[in-house]
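[1] predicted model and sequence below, questions to follow.
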Amino acid sequence: MRLAGLLLAALPAHAADPTILATPGGIRLGVMGPKPAAPAPTVFFLGGDIVDSLGQQRFRDGQAALGSNVLAVSIDLPGHGADQRPGEPGSLKTWRVRLEAGEDIAAHTARRAGAVLDWLIQER
């Protein structure tokens, strides 16, 4: 898998809204700023749902430190945003429900992030 970076974010504080896209396989993603014309380093900001992740002050600080040549992307974590399934409690409580059901939420998230990165590379 070609994950160029991973930053964990925690406290909501919304900035400008991300552009919401979807891969052909239906994985929802958010991108901040324009997609670079040439291949560029890509950093995934993960912290709840896409809008919370990319709207946090920590994200804005991280993006500023990384510079405008880095593509900032987010996906919904398990139990957040579009990844919440009907009947699930949502948020971190969903993680427990899924883990107790034998699901590997880390592998699920890594597969989705990898598919998003592959799609972004393919779309250049």
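    The structure has been received and is ready for your questions. Just so it is clear, the structure is predicted and the values come from calculations on it, not from any experiment.

[2] helices of this structure, residue ranges please.
    50-55, 57-66, 91-100, 105-122 (DSSP state H).

[3] need the ones you listed in TSV (columns: mean neighbour count, distance to Gly33 and mean pLDDT).
    Where C-beta positions appear, they are placed from N, C-alpha and C, glycine not excepted. As requested, those are exported to TSV (neighbours: other Cβ atoms under 10 Å; distance: least, Cβ to Cβ, whole Å; pLDDT from 0 to 100):
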stretch	mean neighbour count	distance to Gly33	mean pLDDT
helix 50-55	25	10	90
helix 57-66	15	8	87
helix 91-100	14	27	94
helix 105-122	16	13	95
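
[4] so Lys35 touches Leu71, yeah?
    Yes. The pair Lys35 and Leu71 qualifies as a contact (Cβ atoms under 8 Å) at a distance of 6.5 Å.

[5] of those two, which one has the most company?
    Leu71 (23 against 13; other Cβ atoms under 10 Å).

[6] need the pLDDT of that one.
    With respect to pLDDT, Leu71 scores 91.

[7] so who does it touch?
    By Cβ atoms under 8 Å, 6 or more residues apart in numbering, Leu71 lies in contact with 31, 33, 35-36, 40-43, 120.

[8] swap the cut-off to 6 Å and go again
    40, 42 (Cβ atoms under 6 Å, 6 or more residues apart in numbering).

[9] how far away is it from Ile27?
    16 Å (Cβ to Cβ, to the nearest Å).

[10] returning to that earlier point: a markdown table for the helices of the chain, including distance to Gly79?
    Listed next are these as a markdown table, based on distance: least, Cβ to Cβ, whole Å:
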| stretch | distance to Gly79 |
| --- | --- |
| helix 50-55 | 13 |
| helix 57-66 | 20 |
| helix 91-100 | 3 |
| helix 105-122 | 8 |
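
[11] those helices: which one's closest to Ile20?
    Nearest of the helices of the chain to Ile20, taken as Cβ to Cβ: helix 50-55 at 6.7 Å.

[12] just checking, what packs against the closest one?
    Using 3 or more Cβ pairs under 6 Å, 6 or more residues apart in numbering; DSSP states H and E, the elements in contact with helix 50-55 are strand 28-32, strand 71-75.
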